[in-house]
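# got a sequence here, can you model it:
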Amino acid sequence: MKNELKLYQSSASPNSRRVRIYLAERGICATTVPVDLGAKEQFSSAYAAINPRRVVPTLVLADGTAIGEVQAIFRYLDEAYSDRPIGGTTPKEKALVAMWERRMEQEGFAAVMETVRNNAKGLAGRAISGPHGYDQIPALVERGALRIRDFYADLEGRLAANSLVAGETFSTADITAVVTVDFATKALSMPIPDNHTATRRWYDAVSARPGFSA
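Numbering: from 1, shown residues only. From the prediction side, this is the model:
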């Protein structure tokens, strides 16, 4: 199956890492095609023909169909390779995983991304990823840090009552949450607070899974 899927991605992209972890956890083979973000390769006409939003990752199927949003990629892979899905198996499980995955993305991942993109000098004029340029808003940096602190507090409450983000079964919500923590730690020096013992227990267990080295 290795040549059936192509993943256009970057090692510097947290969103790309979410998909790499998913593929590793599921044992799904895909040919990875590097996109050099530092060289702005995502803005080339060749890549724009694959993904008009000019962002990574993009999953390209054997028939040439391009799927370019992480949650859409997760959904496709869960349904196309349905032997061991990690997005839930019953309608209720699928809904709960989708809900928690969305919360991890909106309340955590997006908050880190907003803070980074409005603060990094190298992203001046590129405060929002995609084909259009937007000026940075310094006030969003302070607000973003507050959002991240709130995310950690809410996550601690969730994990104090549940072993994993979406309940008791490993899911894509855990992937997004771990990548969010690593992103905040590396890019903003905002790791899990010391007193968040439930989050630390969860993080140590989940990040030790072999797939998370992808």
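# what about this structure, any weak spots by pLDDT?
1-3 (pLDDT under 70).
# pull the longest helix from it.
Ranked by number of residues, the top helix in the chain under DSSP state H is helix 139-161.
# the helix or strand just after that one vs helix 139-161, what angle?
Later in the chain than helix 139-161, the nearest helix or strand by DSSP states H and E is helix 172-188. Orientation of helix 172-188 against helix 139-161 (axes from the mean of the first three to the mean of the last three CA atoms, to 10 degrees) gives an angle of 140 degrees.
# now the next helix or strand after helix 172-188 against helix 139-161, angle please.
Downstream of helix 172-188, the first helix or strand assigned by DSSP H and E is helix 197-207. Interaxial angle, helix 197-207 versus helix 139-161 (the same axes, to 10 degrees): 90 degrees.
# so A66 is in contact with N51, correct?
Yes - look at A66 against N51 with CB atoms under 8 Å: they come within range, at 6.1 Å. In this view, the C-beta of every residue, glycine as well, is placed from N, C-alpha and C.
# list residues touching both of these two?
Listed as contacting both A66 and N51 by CB atoms under 8 Å, 6 or more residues apart in numbering are T58.
# how about E168, what does it touch?
E168 neighbours (CB under 8 Å, 6+ apart): N162.
# and this protein, what are its domains?
Domain assignment of the chain by automatic domain parsing yields the ranges 6-80, 91-213.
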